[in-house]
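# sequence? don't have it. structure:
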């Protein structure tokens with residue numbers, strides 16, 4: 001038997017076995033709670049340890065659990081008391097949890113108040129700087145900052161664990177380190193022993209850019225939520241201050257800043273203040289930058305493996321064809337990823353084989369991945385043109401959670417771990433670029449004010465820089481692409497959650513109305529027939545038919561062979577009266593006789609109303 005057919009047969013065999021077991025437990029033995037608890041546990045495990053989100057499944061399971069409890073409890077009550085009205089009890093028992101579920105699902109909810117225990121369990125035995133990052137392993141990894149980047153690729157699991165909280169005046173990326181040796185599978189750090197040490201409040205003797213870059217001094221406060229032995233810091237760092245006696249050691253090869261004591265022993269840091277210069281890169285100066293002429297510098301930052309496929313170099317030339325300046329070539333490569341069908345993906349991400357290049361696989365085969373794929377590919381493409389570039393790791397600005405002391409407060413999580421590219425421009429310095437699909441470069445690039453005596457040059461569409469508009473202004477501006485039809489405006493307000501809540505509420509109200517119909521329907525019938533303007537015989541014929549239907553619904557069913565007078569006798573016997581018999585005789589006179597008098601009509605109305613009211617009481 002072929003392998004595929006055998007697997008299919010075994011799958012259906014297991015499916016039959018599970019169905020038989022569930023039928024035996026639930027239907028035969030009324031033991032529904034065991035499979036229910038196993039299902040809840042299964043969904044909880046998937047939601048905790050895999051990318052699967054069990055929010056909707058858990059909601060359905062809770063609703064199903066309430067329904068199963070009410071159903072089987074009702075069966076037991078009816079078995080003990082056969083006269084027990086099971087329908088009303090079930091309707092009432094399901095009403096309250098249905099409303100509670102609908103309101104709870106649609107209403108506002110607080111974010112998780114406790115940190116994720118899974119991340120803590122996994123990292124409990126791991127030492128700082130020695131998490132599962134030291135040795136790359138195939139399979140699904142957890143998102144976050146890691147030290148070993150020698151083998152990139154593969155999917156990862158999202159992790160909402162908060163790494164640090166930042167109070168800042170600006171919005172930018174947080175750097176940790178840079179790497180500049182591309183191996184074809186990932187990145188490795190340049191081997192150098194050069195270290196610059198500085199203490200609390202000391203200015204860092206490091207020139208980030210030339211005086212062509214305009215800067216504004218800013219401050220930030222970092223509060224780590226984990227045990228860390230290195231800094232996260234913004235581009236343009238000037239000094240660090242903390243209450244502890246810490247020595248900061250910047251490894252010049254990677255620009256990673258470690259924290260230690262006076263004897264160079266690693267020392268964790270919890271909270272510190274940063275002073276940095278926020279840059280505004282001049283586009284005209286970047287366009288005017290000449291090619292770098294320093295051979296050792298070029299050799300280091302344009303290094304590529306000999307195994308790099310030739311089609312990668314050809315693609316870089318194709319992208320930059322017609323571009324004259326270094327800046328225009330770099331921008332063309334950056335924009336290439338946003339305009340040519342590359343997609344951001346975290347789960348379905350390939351790992352290069354033994355003979356595959358990481359960048360080549362992404363550029364020509366998969367065309368989907370996350371920041372590592374985009375940033376590495378851009379750095380390699382830029383290097384093939386002889387332009388110095390390096391790979392930078394760190395975090396995005398994180399999630400804005402509030403304001404304090406005039407500064408914005410951001411939560412930066414493992415999910416915010418990120419990588420991007422820095423390109424060196426002669427006479428200016430290292431400049432960041434953002435090729436990843438769905439991300440925007442947070443740094444400012446500006447054109448110099450034009451000289452009023454000189455005509456302003458006309459820029460080509462690809463040369464125009466998108467103006468930096470504050471997010472709150474973007475949110476306030478109405479979209480011109482939105483339709484003006486009333487149903488489209490209604491769809492913006494009437495979200496699917498509100499629709500689901502309304503549907504549940506209507507279903508519950510409808511069920512309650514149906515369960516209590518014997519209380520309100522007779523009154524509605526009285527009201528309806530009192531307002532009817534018919535002659536006596538026509539009114540009596542219509543009202544008598546409505547009474548028969550109402551008595552049937554009340555539980556007094558008329559047998560097929562039973563005449564109206566026999567049925568009337570049974571009704572009178574139940575209510576201990578003769579009103580149904582008298583009304584039936586008047587009905588027969590209206591149908592088969594020559595008509596009824598006005599006095600008979602008044603009598604018929606009184607008899608009919610009395611019988612309707614008896615069903616209510």
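Received the coordinates, thanks. Predicted, not measured: the structure shown is a model, and the values here were computed from it. Numbers count the residues shown, from 1 in each chain.
# ok, residue 439 - contacts?
By C-beta atoms under 8 Å, 6 or more residues apart in numbering, the residues touching residue 439 are 371, 396, 418. The way it works is simple: take the backbone N, C-alpha and C, and place the C-beta from them, glycine included.
# From residue 246, how far out is residue 264?
Noted for residue 264: a distance of 12 Å to residue 246, by C-beta to C-beta, to the nearest Å.
# can you put the contacts of residue 439 in TSV and add neighbour count?
Putting the contacts of residue 439 into TSV (neighbours: other C-beta atoms under 10 Å) gives the following:
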residue	neighbour count
371	21
396	22
418	22
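# And residue 264 and residue 246? Which one has more around it.
Between residue 264 and residue 246, residue 246 has the larger neighbour count (other C-beta atoms under 10 Å), namely 21 against 12.
# With residue 175 as the reference, measure out to the more buried one.
Residue 246 is 19 Å from residue 175, by C-beta to C-beta.
# Equivalent analysis for residue 604, please.
In this structure, residue 604 and residue 175 are 93 Å apart, going by C-beta to C-beta.
# Was I right to think residue 333 contacts residue 382?
Yes. Look at residue 333 against residue 382 with C-beta atoms under 8 Å: they come within range, at 5.9 Å.
# Quick check: neighbours shared by these two?
Both residue 333 and residue 382 are contacted by residue 316, under the criterion C-beta under 8 Å, 6+ apart.
# Now for residue 201: which residues touch it?
Contact analysis of residue 201 by C-beta under 8 Å, 6+ apart lists 239, 240, 241.
# Kindly present these as TSV, with separate columns for neighbour count, pLDDT and secondary structure.
Formatted as TSV, the contacts of residue 201 follow (neighbours: other C-beta atoms under 10 Å; pLDDT from 0 to 100; DSSP: H, G, I helix; E, B strand; the rest coil):
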residue	neighbour count	pLDDT	secondary structure
239	17	94	strand
240	24	94	strand
241	15	92	strand
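# for those, which one is nearest residue 283?
Comparing the contacts of residue 201 against residue 283 with C-beta to C-beta picks out residue 239 as the nearest, at 29.3 Å.
# contacting residues around that closest one?
Contact partners of residue 239, counting by C-beta under 8 Å, 6+ apart, are 198, 201, 202, 203, 204, 274, 275.
# Helix, strand or coil: sort out the closest residue in space to residue 242 that isn't next to it in sequence for me.
Excluding its sequence neighbours, the residue lying closest to residue 242 (C-beta to C-beta, 6 or more residues apart in numbering) is residue 272, at 4.0 Å. At residue 272 the chain is in strand, as set by DSSP: H, G, I helix; E, B strand; the rest coil.
# Next, count neighbours for residue 272.
Burial of residue 272 is recorded as 22 neighbouring residues (other C-beta under 10 Å).
# my read: it touches residue 237, true?
No. Under the criterion of C-beta under 8 Å, residue 272 makes no contact with residue 237, lying 11.3 Å away.
# Tell me, how many residues neighbour the residue nearest to residue 187 when sequence neighbours are not counted?
For residue 187, ignoring the flanking residues on the chain, the nearest one in space by C-beta to C-beta, 6+ apart is residue 179 at 4.0 Å. Burial of residue 179, expressed as a neighbour count using other C-beta under 10 Å, amounts to 22.
# Quick check, residue 179 in contact with residue 394.
No. Between residue 179 and residue 394 there is no contact under C-beta under 8 Å: 11.8 Å.
# now the helices for the stretch 151-300 of the chain?
Listed in chain order, the helices of the stretch 151-300 of the chain (DSSP state H, counting those that start in this stretch) span residues 283-288, 295-301.
# With respect to residue 23, which of those helices lies nearest?
Residue 23 sits nearest to helix 295-301 of all the helices of the stretch 151-300 of the chain, at 67.9 Å, using C-beta to C-beta.
# in that closest one, what's buried?
Counting neighbours by 16 or more other C-beta atoms under 10 Å, one finds that the buried residues in helix 295-301 are 298, 300, 301.
# For it, which outside residues touch it?
The set of residues external to helix 295-301 that reach it, using C-beta under 8 Å, 6+ apart, is 180, 190, 292, 383, 386, 388, 389, 390, 424.
# Looking at those, which are in strands?
Taking DSSP state E, the ones among those that sit in strands are 389, 390, 424.
# May I ask which helix or strand of the chain has the lowest mean pLDDT?
Ranked by mean pLDDT, DSSP states H and E, the weakest helix or strand in the chain is helix 471-476, scoring a mean of 40.
# So for residue 166, which of the helices of the stretch 151-300 of the chain sits nearest?
Minimum separation from residue 166 across the helices of the stretch 151-300 of the chain (C-beta to C-beta) falls at helix 283-288, 28.3 Å.
# what sits up against the closest one?
212-213, 325-328, 425, 427-428, 431, 445-448, 465.
# could you redo the last one with a cut-off of 6 Å?
With contact meaning C-beta atoms under 6 Å, 6 or more residues apart in numbering, helix 283-288 is reached by 212, 325, 327, 425, 445, 447, 448.
# State the distance from residue 290 to residue 378.
As defined by C-beta to C-beta, residue 290 lies at a distance of 22 Å from residue 378.
# actually residue 562, not the one I wrote
Residue 562 sits at a distance of 88 Å from residue 378 (criterion: C-beta to C-beta).
# biggest helix in the chain by residues?
If you go by DSSP state H, the chain has its longest helix at helix 55-80.
# next SSE after it?
In the C-terminal direction, the helix or strand that comes right after helix 55-80 (DSSP states H and E) is helix 86-106.
# name the helices or strands packed onto that next one?
Using 3 or more C-beta pairs under 6 Å, 6 or more residues apart in numbering; DSSP states H and E as the contact test, the elements touching helix 86-106 are helix 55-80, helix 496-515.
# I'd like those helices written out as CSV, with mean pLDDT and mean neighbour count added.
Written out in CSV, the entries for the helices and strands packed on helix 86-106 read as follows (pLDDT from 0 to 100; neighbours: other C-beta atoms under 10 Å):
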stretch, mean pLDDT, mean neighbour count
helix 55-80, 81, 14
helix 496-515, 70, 13
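# Please produce CSV containing those, extended by distance to residue 29.
Output for the helices and strands packed on helix 86-106, formatted as CSV (distance: least, C-beta to C-beta, whole Å):
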stretch, distance to residue 29
helix 55-80, 11
helix 496-515, 29
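# wait, which of those helices is closest to residue 596?
Nearest to residue 596 among those is helix 496-515 (35.9 Å), distances taken as C-beta to C-beta.
# Closest to residue 361 out of the contacts of residue 439?
Proximity of those to residue 361, judged by C-beta to C-beta, is greatest for residue 371, which lies at 16.1 Å.
# show me what contacts that closest one?
Contacts were defined as C-beta under 6 Å, 6+ apart; by that measure residue 371 touches 418, 419, 436.
# go on, residue 233?
Here residue 233 is in contact with 175, 274 (C-beta under 6 Å, 6+ apart).
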